[in-house]
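>>> pasting the sequence and the predicted coordinates here, then a few questions.
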Amino acid sequence: MGEQPAFIGAKVVDKYLDFATLIPLLEKALIHFSSGSEGGVVQPIRTIVPVAKYSGFLGVMPAYSKWDDALTTKVVTFYEKKTSSEIPSHQATVLLFEPSNGTLKAVIDGRVITDKRTAAVSAIATKLLKPSHAEILCILGSGAQAQSHYQVFTQQFSFKEVRVWSRTREKAERFARTAEGEVHVCSTPQEAVSGADVIITVTMATEPVLFGDWVKPGAHINAIGACRPDWRELDDVLMESCVLYVDSKEAAAKESGDIVISKASIFAEIGEVLKGTKPAVTDKTTVFKSVGMAVEDTVSAKLVYDSWLAENK
């Protein structure tokens with residue numbers, strides 16, 4: 001073709017990735033992924049390259065989605081110890097290809113895609129697993145994922161109280177100031193968690209920050225951080241007493257320290273619950289451990305590109 005690929009930046013991605021459109025697409029993707037070979041999702045476990053000198057990692061996440069004919073690779077970096085507060089801990093780019101001939105169609109900012117699709121999948125899990133009367137939302141963490149989760153959770157659910165805790169109180173207070181709505185800043189994670197119906201952990205913790213003894217029986221937890229097999233956000237008490245759901249059994253069993261170290265047994269993938277082949281247990285404490293999947297980036301990138309193309313024809 002000889003055409004240059006489209007370069008689609010963060011502001012354009014943000015414009016086209018509205019949660020009302022994205023959530024049904026992700027539900028479909030999760031169902032297809034959990035349908036095995038019949039679902040038409042080809043997605044190997046991500047490849048991780050450690051950059052030990054700088055406490056960083058490079059991840060490569062390819063996927064082909066046969067059902068909507070989309071082929072992408074996401075390249076993502078994440079760094080434990082940032083040298084500058086101006087640089088995000090996670091950065092990403094999604095490459096969108098033409099499946100029929102391999103031509104690169106678009107280079108798309110992947111940071112906004114990652115933030116929004118992760119939060120949207122947490123909202124899907126919460127819709128299925130939260131207790132029937134969920135009034136208090138707790139967020140542990142105050143970074144980009146905390147913001148995207150707050151955005152979709154306040155859109156999709158009606159909580160009477162929202163609490164936030166961060167290792168740096170100043171960051172938690174900044175999060176509360178910029179939030180659209182009232183957010184209570186807590187001094188300790190235990191204070192934030194106590195009595196909460198829905199808990200979101202979006203931290204860079206490598207040791208547990210959420211303990212089962214603090215958690216209200218029947219609460220639902222979305223565990224987003226601890227994306228390495230030797231990192232933890234949740235303690236053994238919680239992991240051993242919960243009903244555990246994941247996005248991908250294969251990836252979670254390899255990548256999630258919360259699961260690897262605790263040896264907790266996985267009950268179901270969220271896609272299986274959406275399909276109706278596994279039940280949503282709402283009367284017990286539930287954990288959705290999200291490791292993030294390439295097919296989620298694929299459907300998100302295709303939505304962005306198709307929307308961009310329609311507007312720029």
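Happy to help now that I have it. Given the structure is predicted, the values throughout are model-derived calculations rather than measurements.
>>> next SSE downstream of the helix ranked longest in the chain?
Ordering each helix of the chain by length in residues (DSSP state H) puts helix 110-129 first. The helix or strand immediately downstream of helix 110-129 is strand 136-140, counting by DSSP states H and E.
>>> quick one: strands adjacent to that next one?
Within its sheet, strand 136-140 is paired with strand 161-165 (parallel), strand 198-201 (parallel), according to DSSP bridges.
>>> nearest to D236, out of those strands?
Nearest to D236 among the strands paired with strand 136-140 is strand 198-201; the distance by C-beta to C-beta comes to 15.2 Å. For every residue, glycine as well, the C-beta is placed using N, CA and C.
>>> what residues does that closest one touch?
Defining contact as C-beta atoms under 8 Å, 6 or more residues apart in numbering, one finds that strand 198-201 is touched by 122, 126, 130, 134, 136-141, 146, 149, 153, 157, 159, 193, 209-210, 215, 219-226, 233-234.
>>> just how off-centre is that strand within its chain?
On the basis of C-alpha atoms, centre = their mean, to the nearest Å, strand 198-201 is displaced by 12 Å from the centre of the chain it belongs to.
>>> just the buried positions in the helix or strand following it, please.
Following the chain from strand 198-201 toward its C-terminal end, the next helix or strand by DSSP H and E is strand 220-223. Residues of strand 220-223 classed as buried under the neighbour-count rule (16 or more other C-beta atoms under 10 Å) are 220-223.
>>> show me where the stretch 201-313 of the chain has its helices.
Taking DSSP state H, counting those that start in this stretch as the criterion, the stretch 201-313 of the chain carries its helices at 236-241, 249-255, 257-262, 270-275, 294-311.
>>> just want the angle from the longest one to helix 110-129.
Direction vectors for helix 294-311 and helix 110-129, defined by axes from the mean of the first three to the mean of the last three C-alpha atoms, to 10 degrees, enclose an angle of 120 degrees.
>>> list the helices and strands helix 294-311 packs on?
strand 6-8, helix 10-16, helix 19-33, strand 56-65, strand 70-79, strand 90-97, strand 104-109, helix 110-129 (3 or more C-beta pairs under 8 Å, 6 or more residues apart in numbering; DSSP states H and E).
>>> now it: how far from the chain's centre is it?
Taking C-alpha atoms, centre = their mean, one finds the center of helix 294-311 at 17 Å from the center of the full chain.
>>> no more questions from me, cheers.
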